[in-house]
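Novice: predicted coordinates and the sequence they were generated for:
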Amino acid sequence: MAKTGLLVVTNPSRVARVMPDVQKHFLNKLYIQYLPTRLSRLLTPTSSSPSPPSPAVFSKTVIGMYSQTLGHNLDVAVLLAYLKNPGLTTIHTQKPIDVVFFDQVLSGDEMNAFLKKCLANVTVGCTVVSLDNADGEKPPEADNDERMYDNVVLGGTFDRLHAGHKILLSEAVLRCRRKLTVGVTDESMLKSKCLTELIGACHQRMSDVLEFLQDIDPNIEYDVVPISDPFGPTIVEPSFEMIVVSDETLRGGLKINEIRTEKSMKPLVVHSVNLLESANKQEQEEEDKVSSGNLRLRVLGTRLSKPEPRPNLPRLPYLIGLTGGIASGKSSVGRRLEEMGAGLIDCDSLAHTLYKQGEPLHGKLVEFFGSSILDAEGEIDRKVLGSLVFGDKAKLSALNNMVWPALWERTKTEISKLHACGKNIIVVEAAVLRQAGWEKNCHEVWVSIIPPAEAVRRLKDRNNLDEDAAWARVSAQPPNVEQIIGATTVLSTLWTYDFTQRQVSRAWRHLHEYLEKEGFSQGNKL
Ligand SMILES: CC(C)(COP(=O)(O)OP(=O)(O)OC[C@H]1O[C@@H](n2cnc3c(N)ncnc32)[C@H](O)[C@@H]1O)[C@@H](O)C(=O)NCCC(=O)NCCS
Ligand SMILES: Nc1ncnc2c1ncn2[C@@H]1O[C@H](COP(=O)(O)OP(=O)(O)OP(=O)(O)O)[C@@H](O)[C@H]1O
């Protein structure tokens, strides 16, 4: 079950040291509360100090704490409400806390008193752990930019909210007194992003941002809005005072100010944060910075969802429908799976055998389309047939209605043959898997994707098509976002052959783990 922890730190430089102990508790979410004044202050509050420091002084501390949790695969949220309002005596979290860690040795009484008095949301069996870590590391320096603003703004895509995003959002919250507006890019702005198909829906990203913000400081007003250009509300709303950007988006902030000045609006204070570098690059294809693109790359070849139950199918042979757009690399993925031990059926090649003279389909097609589709030897000329159906929906659908059922019958025969030869996992590679409704005949679907522009490039190379003809082919197909709906595994052949191989190996390994866990093997070799 998902577990949530709270790490109470008195020395923020010690987070990295205590993380391995925290990890032993199998958490998936970790709140961090930095208490610059000692715990005893929270337990026996006196009147708050006459002039608490500006929360902005904690900027480097907060950034430092996020950096120290990198590589631990945990959803971390550094709580800011208490740092902004030292008079608060209770720590609020949206998720109930199952375990509280302290970065210092405390008595059982002290820890239980903290649990009772200072935490608003704990589970019934919440436990406390005192992590014995000697002092040593110096706390980070305070930030000397102490300015705060009533109205702060920032923007982003915020896919798979990561530590870089959280730093940016925290910088805004620390400096915001009243209202924070966050622009979240809608689908129209994502076309050029790598693996754009794997970016979450705009409403989901907006709700993740809002949940994070309400966790770290529930005491300011949030307005999270979709944006469909790089400026969002910043060029129409005069009340904004400060914008938070990073080194890489600084130019966007400056452009906003150019436009505001042209429109006689006060320019924004542009607060820029350094890019957070990645601590654990897992693939050489990843960027050096912490990024959503890296997280999307890591998803390739993993299991995205549980397959829908298929009570209509025998448990073995286990059938994987492999599909994807034209030139997306289906065949090369299929071949790799075959090398790893799967049975492979290439429906495209199989279809060609059905067109041969003597096959029932041959006669049916001649009857429907006429003998003009035959070549001198009496074989069906697929090019001529293609030209008859291309651009004529009714004819294309008539052809499909003849070919698809016959092709699935032949596929079933091939499946039986491969199973009889000992293949318990069989890959059915078919470009038309979805359109023909064959996903229901398979236990699960895997999809290979590449950006449309790359498909065009490959078609020009491989099929000698000109640019327009290549685009016509690519555009006639269902887009990648539709192809991946319900797929358990997504792969992409956009990078090197070696990276494709690593994705396929990962997918094959994860599939075996899943099949073993679900009892598909029943003693059979998979
Ligand atoms: C057009 C914009 C909003 C699109 O956002 P983008 O797709 O880059 O968002 P993404 O989710 O990748 O990142 C969001 C923000 O976090 C920053 N960020 C991302 N990774 C990191 C990191 N590792 N370290 C620090 N900051 C990071 C980005 O630089 C960006 O500022 C952005 O690029 C931009 O130009 N921002 C400046 C202007 C602005 O904020 N406009 C909207 C105002 S509502
Ligand atoms: N990293 C890569 N992994 C696999 N294939 C790649 C890669 N890079 C380029 N390609 C090329 O992409 C082209 C398309 O691959 P393939 O024939 O496997 O696709 P396909 O989806 O089966 O195509 P189609 O449906 O058009 O028959 C091939 O020419 C292949 O060499």
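Specialist: The structure has been received and is ready for your questions. Computed from a prediction, not measured in an experiment: that's the story for all the values here. Ligands and ions are numbered 1, 2, ... in the order given.

Novice: what's around residue 446, how many residues?
Specialist: Neighbour count for residue 446, taken as other Cβ atoms under 10 Å: 27. All C-beta atoms are positioned from the backbone trio N, CA, C, and that covers glycine.

Novice: beta partners of it?
Specialist: Following DSSP bridges, residue 446 is listed with bridge partners residue 322, residue 489.

Novice: close enough to count as contact, it and residue 319?
Specialist: No. Between residue 446 and residue 319 there is no contact under Cβ atoms under 8 Å: 11.0 Å.

Novice: ok, whatever residue of the stretch 351-500 of the chain ends up closest to ligand 2 - contacts?
Specialist: Going by Cβ to the nearest ligand atom, ligand 2 is nearest to residue 493 of the stretch 351-500 of the chain, at 3.3 Å. Contacts for residue 493 (Cβ atoms under 8 Å, 6 or more residues apart in numbering) come out as 328, 329, 332, 333, 448, 450, 500.

Novice: give the buried subset of those residues as a ChimeraX selection command.
Specialist: Filtering those down to the buried ones (16 or more other Cβ atoms under 10 Å) takes a single ChimeraX command:
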select :328,329,333,448,450,500
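
Novice: next step: the contacts of residue 493 restricted to strands.
Specialist: The strands, defined by DSSP state E, take in residue 448 from those.

Novice: ligand 1: which of the contacts of residue 493 is nearest?
Specialist: Using Cβ to the nearest ligand atom, residue 450 comes nearest to ligand 1 of the contacts of residue 493, at 21.0 Å.

Novice: model confidence for the closest one, exactly?
Specialist: At residue 450, the model reports a pLDDT of 97.

Novice: please apply the same query to residue 182.
Specialist: Confidence at residue 182, expressed as pLDDT, is 98.

Novice: quick check: the closest residue to it other than its chain neighbours vs residue 247, distance?
Specialist: Using Cβ to Cβ, 6 or more residues apart in numbering and skipping residues adjacent in sequence, the residue nearest residue 182 is residue 224, 4.7 Å away. Separation of residue 224 from residue 247 (Cβ to Cβ, to the nearest Å) stands at 24 Å.

Novice: and the two? Which one has more around it.
Specialist: Shown here are residue 224 and residue 247; by other Cβ under 10 Å, residue 224 has more neighbours (18 against 11).

Novice: just checking: what are the partner strands of the helix or strand where the more buried one lies?
Specialist: In this assignment (DSSP states H and E), residue 224 forms part of strand 221-227. Applying DSSP bridges, strand 221-227 is found paired with strand 176-185 (parallel).

Novice: whichever helix or strand comes after the strand it pairs with to strand 176-185, inter-axis angle?
Specialist: Moving toward the C-terminus from strand 176-185, the next helix or strand (DSSP H and E) is helix 202-216. On the basis of axes from the mean of the first three to the mean of the last three Cα atoms, to 10 degrees, helix 202-216 is oriented at 160 degrees to strand 176-185.

Novice: helix 202-216 and ligand 1, are they touching?
Specialist: No. Judged by Cβ under 6 Å from any ligand atom, helix 202-216 stays clear of ligand 1, getting no closer than 8.4 Å.

Novice: that helix packs against which elements?
Specialist: Counting contacts by 3 or more Cβ pairs under 8 Å, 6 or more residues apart in numbering; DSSP states H and E, helix 202-216 packs against strand 75-78, helix 163-174, strand 176-185, strand 221-227.

Novice: so residue 288 touches residue 276, yeah?
Specialist: No. Applying Cβ under 8 Å as the test, residue 288 and residue 276 come out as separate, 10.3 Å apart.

Novice: when these two are compared, which one has more neighbours?
Specialist: Legend: neighbour count by other Cβ under 10 Å for residue 288 and residue 276, higher for residue 276 (21 against 10).

Novice: pLDDT score assigned to that one?
Specialist: pLDDT for residue 276: 96.

Novice: okay but it is in contact with residue 291, surely?
Specialist: No. Residue 276 lies out of contact with residue 291 (Cβ under 8 Å); the separation is 9.3 Å.

Novice: who touches both of the two?
Specialist: Common neighbours of residue 276 and residue 291, using Cβ under 8 Å, 6+ apart, are residue 164.

Novice: state the helix or strand in which residue 306 lies.
Specialist: For residue 306, there is no helix or strand it lies in under DSSP H and E.

Novice: over to residue 160?
Specialist: Judged by DSSP H and E, residue 160 forms part of no helix or strand.

Novice: okay, now the residue nearest to it when sequence neighbours are not counted: neighbour count?
Specialist: Setting aside the residues directly before and after it, residue 160 is nearest to residue 295 in space (Cβ to Cβ, 6+ apart), at 4.4 Å. Look at residue 295: counted by other Cβ under 10 Å, it has 17 neighbours.

Novice: got the CA positions of stretch 102-118 in CSV?
Specialist: C-alpha atoms of stretch 102-118 as CSV (Å, rounded to 0.1, in the frame of the first residue of the first chain):
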residue,chain,number,x,y,z
PHE,A,102,13.4,13.2,12.8
ASP,A,103,16.9,14.1,11.9
GLN,A,104,18.0,14.1,15.5
VAL,A,105,17.8,11.9,18.5
LEU,A,106,14.6,12.6,20.5
SER,A,107,12.9,10.9,23.4
GLY,A,108,9.8,8.8,22.7
ASP,A,109,7.8,11.4,24.7
GLU,A,110,9.0,14.3,22.6
MET,A,111,8.2,12.5,19.4
ASN,A,112,4.7,11.5,20.5
ALA,A,113,4.0,15.0,21.8
PHE,A,114,5.0,16.3,18.3
LEU,A,115,2.7,13.8,16.6
LYS,A,116,-0.3,14.7,18.8
LYS,A,117,0.2,18.5,19.0
CYS,A,118,1.7,19.5,15.7
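
Novice: got the residues of the stretch 1-150 of the chain near ligand 2?
Specialist: Counting by Cβ under 6 Å from any ligand atom, no residue of the stretch 1-150 of the chain is near ligand 2.

Novice: so where is the stretch 1-150 of the chain shaky, pLDDT-wise?
Specialist: Applying pLDDT under 70 to the stretch 1-150 of the chain flags residues 1, 37-50, 133-144.

Novice: which residue does it have closest to ligand 2?
Specialist: Closest to ligand 2 within the stretch 1-150 of the chain is residue 73: 27.1 Å, counting by Cβ to the nearest ligand atom.
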